[in-house]
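Peer 1: what follows is a predicted structure for the sequence shown.
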Amino acid sequence: MKNQRYWLPVAGLLLLAVMLFALEKSRTPVWMTYQKEYFAEQIRRIKSELPAVKDAVKRQALTHELSQWEKRKPEVVNLVLPNGKVERCLTCHLGIEEISPSHPTNTFGCTVCHGGNALSLDEQTAHADWYGQGHPGALSSASLSCGGTGPNGVRCHSGNPQAANNEVDLVKGSIMATKAGELSSVRRMLGLDPGNTVPGLKPGQSAQYFPNPLNGRPQQAKFMADCLTQCHLNNGNLPIFRFPQGARVKSTDVADANGALTETPAYGCETCHVLTNATHTYVGGDVTIPRNQVGFGMVHRLTTQIPYTQCNQCHNQGQHDPIHDIFTPRKDMQQVVNDWMKPTLSFSRRVKDYYVPGEVFARCEVSLDCIDCHTRQDVMGDGHAYQSEYSAVHIQCMDCHGTSAQLPRTKVITSLNDPAFEEKITNPVFPPLKLGDRIVVTAKGEEMPFVRQEGKRWLVYSRISGKSFNIPLVKGSACRQNPARQGADSCHRCHAESTAHP
Ligand code: HEC
Ligand code: HEC
Ligand code: HEC
Ligand code: HEC
Ligand code: HEC
Ligand code: HEC
Ligand code: HEC
């Protein structure tokens with residue numbers, strides 16, 4: 001019994017020691033774990049590179065780098081912005097890429113685009129109230145992020161005196177976000193709205209009363225459930241679906257719980273400006289981002305060099321049958337997806353991928369990328385709310401080819417403030433442009449700074465690769481067009497190649 005007096009305090013001390021040890025362990029902040037993981041990844045990378053390096057100088061440099069990583073200790077990263085504000089996001093996100101040369105990390109930091117709590121070193125609180133749940137390009141938060149105010153007090157992509165610089169407002173009202181074209185045409189087709197596009201409808205007749213089994217209000221509930229909520233109305237943030245090859249998809253199948261059909265979300269500005277791979281997974285340097293989680297761009301990078309594969313995440317995906325409410329995805333679409341990272345493919349490969357089988361096109365409608373023709377206002381809107389694609393499109397064949405009576409419209413650059421220079425800031429393949437140069441202007445008055453007249457030659461410089469293409473002109477050729485009929489349909493009656501898909 002005498003010993004008990006000693007036993008108790010000893011046990012107490014032991015217990016305290018165990019508790020202190022556990023506490024210390026739980027106190028190793030999670031950011032340290034991420035940083036160690038990042039260092040370890042750099043060490044693995046260099047060790048795997050080293051054996052192949054023969055050059056002695058390079059070898060020494062790499063060996064030195066390796067020892068630096070091996071010695072490095074985790075520490076809190078305080079990014080001090082020019083306005084004096086401190087951000088610590090990089091403490092965990094050490095390996096993240098700079099988002100773009102026009103948004104340098106040192107002056108922009110992170111929270112201007114992402115929101116969140118700049119000083120927190122805890123995942124939950126750091127991410128609290130972030131914009132768009134980590135996707136700042138989502139149109140529901142783009143006004144706060146892309147449309148916000150920069151650290152230097154400058155307005156970003158909204159609230160500027162020049163309407164063209166307010167991409168956030170333009171995109172939100174563009175037909176790709178409102179889907180006004182699809183909605184109004186399908187609604188008219190189903191007779192939900194009176195219109196003149198129902199086959200067999202006589203002038204003055206309302207489609208609502210047209211004797212068609214699909215007509216009338218009863219159809220509305222099905223339309224809302226199958227088309228609107230599933231695909232075609234998501235606050236402008238359109239879901240992109242990856243279908244198994246050859247599937248025939250009723251829109252209600254999409255929520256299939258066994259994972260046969262997978263949904264990849266697309267977020268507003270990011271759907272075009274952040275390039276994705278086939279699986280929509282992140283492959284960059286930030287070790288915090290799980291490699292198997294769907295819904296990220298390939299790397300943390302904004303670009304204006306948007307290849308056709310990116311547009312074809314939504315376009316040319318398959319055939320819609322709005323009458324039977326069925327969508328048939330392309331069997332061959334997988335091929336486009338596999339080459340996601342290689343925008344410059346051979347012409348024959350492009351022909352295979354580009355359009356839905358059976359569609360007709362002239363050569364340039366495949367050899368060029370979508371954005372070599374479709375202007376900025378075509379893709380990001382011009383401030384008008386259009387109800388059909390046809391009225392929204394700005395580009396016309398004659399903008400580049402002219403007509404049998406006229407050369408393409410051009411303008412001479414006479415001021416260094418000309419908006420034509422603006423793309424130089426964001427597009428590294430922008431061809432040299434100087435005062436006195438002649439660029440093409442569309443019939444709707446939009447400049448095409450990538451399309452030029454140089455002496456006797458007319459050229460398109462690809463916005464993706466920088467490669468130049470000679471434009472054959474209609475004037476002076478043997479073209480048999482009627483100069484009054486400039487719609488693409490009329491050209492395709494004679495200039496029609498077709499995708500001979502397997
Ligand atoms: C304590 C570490 C930590 C800090 C500090 C931190 N993050 Fe994160 N962040 C993470 C982790 C871990 C993930 C991956 C979460 C997951 O598993 O999806 C992540 C994911 C993200 C994502 C991707 C979100 C998604 O899943 O779509 C964004 C964006 C992001 N963080 C931004 C920030 C910003 C901005 C800050 C600073 C305000 C910040 N983070 C601070 C740990 C941190
Ligand atoms: C110009 C705006 C902008 C800035 C500045 C910015 N980001 Fe991002 N960030 C984005 C966009 C847009 C995405 C979504 C990309 C996507 O769809 O995958 C993103 C995604 C992320 C992700 C998810 C991984 C990924 O690449 O998709 C993380 C983590 C992240 N950002 C952290 C940061 C950190 C840390 C900083 C500061 C060093 C920062 N961001 C600065 C716009 C920005
Ligand atoms: C997130 C899906 C999505 C992506 C990505 C996308 N589009 Fe679209 N686009 C649409 C939808 C939907 C419509 C039709 C809207 C309607 O008719 O209501 C459309 C319409 C258009 C139109 C006709 C109307 C107009 O505004 O001129 C053009 C041209 C066009 N897209 C080009 C492009 C190009 C070029 C890209 C790539 C830079 C692209 N799209 C990427 C969904 C998308
Ligand atoms: C459907 C595809 C698409 C979407 C969605 C889109 N953009 Fe763009 N954007 C483009 C293309 C293509 C270009 C390059 C063409 C150009 O500037 O003429 C571009 C260029 C830009 C530029 C550079 C302009 C310049 O002069 O270089 C900015 C800034 C921009 N976009 C912001 C945004 C913002 C902000 C959003 C979201 C609100 C957005 N974009 C959504 C396709 C898109
Ligand atoms: C060689 C130039 C060129 C290329 C490349 C091009 N388009 Fe077009 N596109 C046009 C023209 C011109 C029109 C207007 C057609 C007309 O006159 O009716 C058009 C019309 C459209 C329309 C409106 C609906 C329709 O079919 O008429 C959509 C949507 C569209 N293009 C999307 C795309 C997408 C997506 C890509 C890339 C995969 C692309 N275009 C590539 C020139 C081009
Ligand atoms: C952005 C400028 C641009 C626009 C817009 C454009 N083209 Fe072209 N077109 C070209 C270029 C460049 C070539 C040469 C393509 C090549 O070398 O691969 C070309 C080649 C052609 C040719 C000769 C090759 C052939 O296919 O026989 C025809 C015909 C043609 N285009 C018709 C059209 C039609 C029809 C449209 C409207 C749907 C159109 N183009 C829109 C730039 C344009
Ligand atoms: C009735 C048939 C017909 C129609 C309609 C037609 N074309 Fe042509 N086009 C031709 C013929 C034939 C040639 C000469 C082909 C040759 O020289 O190999 C030609 C030549 C051309 C060329 C020059 C090609 C070269 O390689 O030099 C262009 C560009 C062109 N057409 C564009 C158009 C556009 C744009 C439209 C619509 C506005 C159009 N064509 C409508 C029959 C037509």
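Peer 2: Great, that's in hand. Ligands and ions are numbered 1, 2, ... in the order given.
Peer 1: switch to C-alpha atoms for all contacts and neighbour counts from now on
Peer 2: Will do.
Peer 1: list the residues that contact the closest residue to Gln35 other than its chain neighbours.
Peer 2: Nearest non-adjacent residue to Gln35, counting by CA to CA, 6 or more residues apart in numbering: Pro74, 6.0 Å away. Contacts for Pro74 (CA atoms under 8 Å, 6 or more residues apart in numbering) come out as 32, 35-36.
Peer 1: name the helix or strand for Pro74, please.
Peer 2: Assigned by DSSP states H and E, Pro74 belongs to neither a helix nor a strand.
Peer 1: follow-up on the earlier one: neighbour-wise, which of the contacts of Pro74 leads?
Peer 2: Counting neighbours by other CA atoms under 10 Å, Gln35 leads the contacts of Pro74 with 25 neighbours.
Peer 1: what residues are up against Gln406?
Peer 2: Lys475.
Peer 1: quick one: it from Thr442, how far?
Peer 2: Distance of Gln406 to Thr442, computed by CA to CA, to the nearest Å: 13 Å.
Peer 1: what is in contact with those two at once?
Peer 2: Counting by CA under 8 Å, 6+ apart, nothing touches both Gln406 and Thr442.
Peer 1: where do the strands sit along this structure?
Peer 2: For the chain, the strands defined by DSSP state E cover 79-80, 86-87, 239-242, 249-250, 262-265, 318-321, 326-329, 360-361, 410-412, 438-441, 447-454, 457-461, 468-470, 497-498.
Peer 1: who wins for proximity to ligand 7 among the ones you listed?
Peer 2: strand 468-470 (9.9 Å; CA to the nearest ligand atom).
Peer 1: just checking, what packs against that closest one?
Peer 2: In terms of contacts (3 or more CA pairs under 8 Å, 6 or more residues apart in numbering; DSSP states H and E), strand 468-470 is packed against strand 457-461.
Peer 1: pairing partners for the strand it packs on, with directions?
Peer 2: strand 447-454 (antiparallel), strand 468-470 (antiparallel) (DSSP bridges).
Peer 1: any residue of it touching ligand 6?
Peer 2: Yes: on the criterion CA under 6 Å from any ligand atom, strand 457-461 is in touch with ligand 6 at Val460.
Peer 1: now that strand: average pLDDT?
Peer 2: Strand 457-461 comes out with an average pLDDT of 97.
Peer 1: need the residues that contact that strand.
Peer 2: Here strand 457-461 has contacts from 372, 431, 450-453, 467-472, using CA under 8 Å, 6+ apart.
Peer 1: which parts of the protein belong to which domain?
Peer 2: Annotated domains of the chain cover 4-71, 397-486 [automatic domain parsing].
Peer 1: test my guess that Lys475 contacts Cys400.
Peer 2: No: judged on CA atoms under 8 Å, Lys475 makes no contact with Cys400 at a distance of 11.5 Å.
Peer 1: what about the two, which has more around it?
Peer 2: Cys400 (26 against 15).
Peer 1: any idea how far Ala128 is from that one?
Peer 2: For Cys400, the distance to Ala128 - CA to CA - is 50 Å.
Peer 1: now mean neighbour count, mean pLDDT and distance to ligand 7 too, for the strands paired with strand 457-461, in JSON lines please.
Peer 2: Listed next are the strands paired with strand 457-461 as JSON lines, based on neighbours: other CA atoms under 10 Å; pLDDT from 0 to 100; distance: least, CA to the nearest ligand atom, whole Å:
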{"stretch": "strand 447-454", "mean neighbour count": "21", "mean pLDDT": "97", "distance to ligand 7": "15"}
{"stretch": "strand 468-470", "mean neighbour count": "14", "mean pLDDT": "97", "distance to ligand 7": "10"}
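Peer 1: hang on, the earlier thing: let me know the closest of the contacts of Pro74 to ligand 7.
Peer 2: When the contacts of Pro74 are compared for distance to ligand 7 (CA to the nearest ligand atom), Gln35 wins out at 57.6 Å.
Peer 1: report the contact partners of that closest one.
Peer 2: 74, 91-92, 94.
Peer 1: on that earlier part again, which of the domains of the chain has the lowest mean pLDDT?
Peer 2: domain 4-71 (a mean of 86).
Peer 1: wait, does that domain contact ligand 2?
Peer 2: No: using CA under 6 Å from any ligand atom, domain 4-71 never reaches ligand 2; the gap is at least 12.3 Å.
Peer 1: picking up where we left off before, winner for burial among the domains of the chain?
Peer 2: domain 397-486 (a mean of 16; mean count of other CA atoms under 10 Å).
Peer 1: for beta bridges, what are the partners of Met448?
Peer 2: With DSSP bridges as the rule, Met448 is bridged to Val440.
Peer 1: go ahead and confirm it touches Glu423.
Peer 2: No: with contact defined as CA under 8 Å, Met448 does not count as touching Glu423 (10.4 Å).
Peer 1: wait, Ser367 sits on Leu345?
Peer 2: No: at 9.5 Å, Ser367 does not count as touching Leu345 under the criterion of CA under 8 Å.
Peer 1: so the two - more neighbours on which side?
Peer 2: Of the pair Ser367 and Leu345, Ser367 is the one with more neighbours under other CA under 10 Å, namely 19 against 12.
Peer 1: separation between that one and ligand 3?
Peer 2: Using CA to the nearest ligand atom, to the nearest Å, we find Ser367 at a distance of 14 Å from ligand 3.
Peer 1: name the nearest residue to that residue, ignoring sequence neighbours.
Peer 2: Using CA to CA, 6+ apart, the closest residue to Ser367 is Phe347 (6.2 Å).
Peer 1: ok, which stretches of the stretch 101-250 of the chain are helices?
Peer 2: 105-108, 111-114, 123-127, 167-173, 175-178, 180-189, 218-222 (DSSP state H, counting those that start in this stretch).
Peer 1: make TSV from the ones you listed and add mean neighbour count, mean pLDDT and distance to Cys146 to it.
Peer 2: As requested, those are exported to TSV (neighbours: other CA atoms under 10 Å; pLDDT from 0 to 100; distance: least, CA to CA, whole Å):
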stretch	mean neighbour count	mean pLDDT	distance to Cys146
helix 105-108	15	94	12
helix 111-114	21	96	6
helix 123-127	15	96	18
helix 167-173	24	93	7
helix 175-178	22	86	16
helix 180-189	18	76	24
helix 218-222	13	60	36
